[in-house]
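K.L.:
need a 3D model of the following:
(one chain, ligands or ions: 1)
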Amino acid sequence: MVKSIGSSEIETAVFISGNGSNLKNLISFSLSKKNPLKIRYIVSSNSNAKGLSFAKKFKIKKKVYSFKNKKVSENQILYDLKKNRIKFICLAGFMKILSKNFINKFNGKIVNIHPSLLPKYKGLDTHRRAIFNKEKYSGCTVHFVSSKLDSGKILLQKKVRISKNDTPRSLAKKILKQEHIIYPRALKKIFASL
Ligand code: GRF
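P.N.:
Numbering: from 1, shown residues only. Take a look at the predicted model:
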């Protein structure tokens, strides 16, 4: 599927809802030498998302979509992505669940990072649940997005040890550090196969 992107530059949109540390990290990665990833568009479901500041800093087009009506917002996004010739999407802390219809339009060209060792702990509140269940490890996963939540093909994972005094917050911090390492690695893996 990804093969159909077929270009030396992969025009990409990053979807965010919050802090945008993964967005920032992907921007840095895209600016590294000989990188086909070009981040041209930022979609946010939240007008207060801190991550939007990186759009300004790095002069990347951005737009906030309210998602009050999911179908309307998704259609607007699809229209804008087409207008901006976007071929690939990275979800990075995006808190909305995209519809089957949307995903089918970008089939095999959407990736996501999830803060757990999938298939464990799909959905929200992963760190609290992993600690509550006395897991020894949690971690993060980069995967293709399919129409079933957090269930697409796994590209890369990184294990993180949960220590006795970890809180959801401290664990999130440890895992986020690893997210910043594996997201670019997973993208390299995709691009190497093009
Ligand atoms: C990350 O832990 C990501 O895996 C999860 O939400 C968090 C977003 O962090 N889905 P940031 O906005 O990239 O800093």
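K.L.:
buried ones in the longest helix anywhere in the chain?
P.N.:
As assigned by DSSP state H, the longest helix anywhere in the chain is helix 168-192. Judged by neighbour count using 16 or more other Cβ atoms under 10 Å, the buried positions of helix 168-192 are 171-172, 174-176, 178-180, 182-184, 186-187, 190. C-beta here means a position set from N, CA and C on the backbone, and glycine is covered the same way.
K.L.:
against the ligand, how distant is the closest residue to residue 186 other than its chain neighbours?
P.N.:
Leaving aside its sequence neighbours, residue 186 sits nearest to residue 142 (Cβ to Cβ, 6 or more residues apart in numbering; 3.6 Å). For residue 142, the distance to the ligand equals 9 Å [Cβ to the nearest ligand atom, to the nearest Å].
K.L.:
any idea how far stretch 35-49 is from the middle of the chain?
P.N.:
Distance of stretch 35-49 from its chain centroid, counting by Cα atoms, centre = their mean, to the nearest Å, is 10 Å.
K.L.:
in which helix or strand would I find the closest residue in space to residue 184 that isn't next to it in sequence?
P.N.:
Once flanking residues are discounted, residue 184 sits nearest to residue 29: 4.1 Å by Cβ to Cβ, 6+ apart. Using DSSP states H and E, residue 29 falls within helix 21-30.
K.L.:
helices or strands up against the next helix or strand after that helix?
P.N.:
The helix or strand immediately downstream of helix 21-30 is strand 37-44, counting by DSSP H and E. The contact analysis (3 or more Cβ pairs under 8 Å, 6 or more residues apart in numbering; DSSP states H and E) places strand 37-44 against strand 10-16, helix 21-30, strand 61-64, helix 70-83.
K.L.:
count the neighbours of residue 68 for me.
P.N.:
The number of residues packed near residue 68 is 7, by other Cβ atoms under 10 Å.
K.L.:
need the three-state assignment for it.
P.N.:
Assigned by DSSP: H, G, I helix; E, B strand; the rest coil, the conformation of residue 68 is coil.
K.L.:
for it, give me the pLDDT.
P.N.:
Note on residue 68: pLDDT of 97.
K.L.:
same thing with residue 8?
P.N.:
pLDDT recorded at residue 8 is 82.
K.L.:
how about the residues of the protein by the ligand?
P.N.:
Contacts of the chain with the ligand, taken as Cβ under 6 Å from any ligand atom, map to 16, 18-22, 51, 92-93, 113-115, 176, 179.
K.L.:
perfect, that will be all.
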